[in-house]
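S.K.: quick one: sequence and predicted model below, then my questions.
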Amino acid sequence: MKKLKRLCAPLSKSITFEVIGDQRLVCEGCEQRVERVLKALPGVGQVHARARDQRIEVLFDTAVLNAAAIAERIAKAGYQTRVGSSSE
């Protein structure tokens, strides 16, 4: 598994979302779409979406953004998720 690099900001947090429900990540295009919409959010440093295990890893600045806002953006892209893991 590819690990996300830490941002220089001391308030960065890594979170992994698991894609659940009927709509799944099925191809590289799906991965790129999710990565593109999340990278557009202020405070997001890195995103790695993986169809092979239905995971979306996000490194973000907690001073700017929270996990609920990220989950909402993923839902607007058409994917239902739950938090798999997180770390500060």
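M.R.: Thanks, I have it.

S.K.: show me where the chain has helices.
M.R.: In the chain, the segments counted as helices under DSSP state H are 28-39, 67-76.

S.K.: and of these, who's closest to residue 11?
M.R.: Residue 11 lies closest, by CB to CB, to one member of the helices of the chain: helix 67-76, at 13.3 Å. (C-beta placed from N, C-alpha, C; glycine too.)

S.K.: for the residue positioned nearest the centre of the chain, what are its contacts?
M.R.: Nearest residue to the geometric centre of the chain (CA atoms, centre = their mean): residue 58, 3.8 Å. Shown in contact with residue 58 (CB atoms under 8 Å, 6 or more residues apart in numbering): 4, 14-17, 38, 44, 46-47, 70.

S.K.: and it, how far from residue 23?
M.R.: Summarising the geometry, the distance separating residue 58 from residue 23, computed by CB to CB, to the nearest Å, is 18 Å.

S.K.: so what secondary structure elements neighbour the helix or strand bottoming out on mean pLDDT in the chain?
M.R.: Ranked by mean pLDDT, DSSP states H and E, the helix or strand of the chain with the weakest confidence is strand 80-87, at a mean of 89. The contact analysis (3 or more CB pairs under 8 Å, 6 or more residues apart in numbering; DSSP states H and E) places strand 80-87 against strand 12-20, helix 67-76.

S.K.: winner for burial among these?
M.R.: The highest mean neighbour count among these, using mean count of other CB atoms under 10 Å, belongs to strand 12-20: a mean of 19.

S.K.: no more questions from me, cheers.
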